[in-house]
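Enquirer: below are the sequence and a predicted model for it; my questions follow.
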Amino acid sequence: MRVDIATEPGSPDKPNEDYAATGPNIVVVLDGQTARTGTGCIHGVAWYSARVAEAIIENAALGPTKALSAAITRTADLHRDTCDLSHPGTPSAAVAVVQLDGDTLRYLVLGDVTVVLDSGTDVRVISDHRVSQTALAERAIADAMPADSPEKPAALVRMKHAELAARNTPGGFWVAATEPTASEHALTGEFAIAEVQRVAVLSDGATRAVEAFELYGWTELLDILNTSGPGELIKQVRAAEASDQTATRWPRNKLSDDATAVYCVVGFQSLRA
């Protein structure tokens, strides 16, 4: 497997809460969930994302679902004695895993990350948008405010509290946090490797190009990754963000978001990102 990853923080003065990791025939992308409230954790979201991603790689032999479960448990154990893991804002992250196993490609998506698979004749997009179906009233109020509104920060905190109330609960949304059983709520599936030509693994900061900004479709996104690389995709997202500094053309919670893109060409048991 050959993997090149493009990942960039939304702001140069803040840590990148996305994290990408690779191992033999596996790619993992985590998108740490923005903390607008207290977390009860001394380490932070970026630390959490990195620890979970690395633990998934270490447990890859278990397969995506069990590897994620083991990674959540291991990470919780790392800070159980120093942090309040029962805090409602304890660090959490969305997770995407793509793994090759013999003649099979397996994927896992938990939270608002995306895996795009191209067979050459059909593009399949696996996205988990359950979080966007929570805090609907609070989200609508925050989205209606321009980025420079003095009332927006408080509106975003109210939205975050409503989201946290629905996190890892039936009827809400699921992400990696402290409970290993969250992995059982992931979107999972598999394809014969012979049926897959290209794969992209994207955090929601990168999918803005298609979902939020509608610059192009998924096939065009794959073409950009193929011809110019993941860094070019993020560059185009940044240009769109910069063109809408008040977040009025494209309402969004953050003017610029952490962005990660991995591009894979599948064949002969190899990935190219």
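Expert: Everything's here; your move.
Enquirer: got a list of what residue 73 touches?
Expert: residue 180 (CB atoms under 8 Å, 6 or more residues apart in numbering). Just so you know, the C-beta spots here come from the backbone N, C-alpha and C atoms, and that holds for glycine as well.
Enquirer: helix or strand: which one has it?
Expert: Secondary structure assigned from DSSP states H and E places residue 73 in helix 64-79.
Enquirer: where in the protein is pLDDT low?
Expert: Scanning the chain for pLDDT under 70 picks out the ranges 1-3, 267-273.
Enquirer: about what we covered before: tell me the buried residues in the following helix or strand past the helix holding residue 73?
Expert: Downstream of helix 64-79, the first helix or strand assigned by DSSP H and E is strand 93-101. Neighbour counts over strand 93-101 (16 or more other CB atoms under 10 Å) mark 93, 94, 95, 96, 97, 98, 99, 100, 101 as buried.
Enquirer: same deal with stretch 66-86?
Expert: Neighbour-count burial for stretch 66-86 [16+ other CB under 10 Å]: 67-76, 79, 83, 85.
Enquirer: same deal with stretch 117-128?
Expert: 117, 118, 123, 125, 126, 127, 128.
Enquirer: identify the farthest-apart pair in these.
Expert: Pairwise distances across the buried residues of stretch 117-128 (CB to CB) peak at 19.4 Å, for the pair 118 and 128.
Enquirer: I'd say residue 182 and residue 168 touch.
Expert: Yes - taking CB atoms under 8 Å as the definition, residue 182 is a contact partner of residue 168 at 5.5 Å.
Enquirer: more crowded one of these two?
Expert: Neighbours around residue 182 and residue 168, counted as other CB atoms under 10 Å, are more numerous at residue 182. The numbers are 21 against 17.
Enquirer: so who does that one touch?
Expert: By CB under 8 Å, 6+ apart, residue 182 lies in contact with 72, 110, 168, 174, 175, 176.
Enquirer: is the second one in a bridge, and if so with what?
Expert: When bridges are taken as DSSP bridges, the partners of residue 110 come out as residue 95.
Enquirer: apart from its chain neighbours, what residue comes closest to residue 7?
Expert: Leaving aside its sequence neighbours, residue 7 sits nearest to residue 260 (CB to CB, 6 or more residues apart in numbering; 4.0 Å).
Enquirer: what's the spacing between that neighbour and residue 16?
Expert: From residue 260 over to residue 16 the distance is 8 Å, taken as CB to CB, to the nearest Å.
Enquirer: list the residues that contact both of those two?
Expert: By CB under 8 Å, 6+ apart, the residues touching both residue 260 and residue 16 are 7, 8.
Enquirer: okay, the two: which has more neighbours?
Expert: A count of neighbours by other CB under 10 Å puts residue 260 above the other of residue 260 and residue 16, at 25 against 22.
Enquirer: is the more buried one located within a helix, as I assumed?
Expert: No - read with DSSP: H, G, I helix; E, B strand; the rest coil, residue 260 is strand and lies in no helix.
Enquirer: how about the contacts made by it?
Expert: Neighbours of residue 260 in contact, by CB under 8 Å, 6+ apart: 5-8, 18-20, 29, 31, 201-203, 205-206.
Enquirer: of the residues you listed, which belong to strands?
Expert: Those of the contacts of residue 260 mapping onto strands are 5, 6, 7, 8, 18, 19, 20, 29, 31, 201, 202, 203, per DSSP state E.
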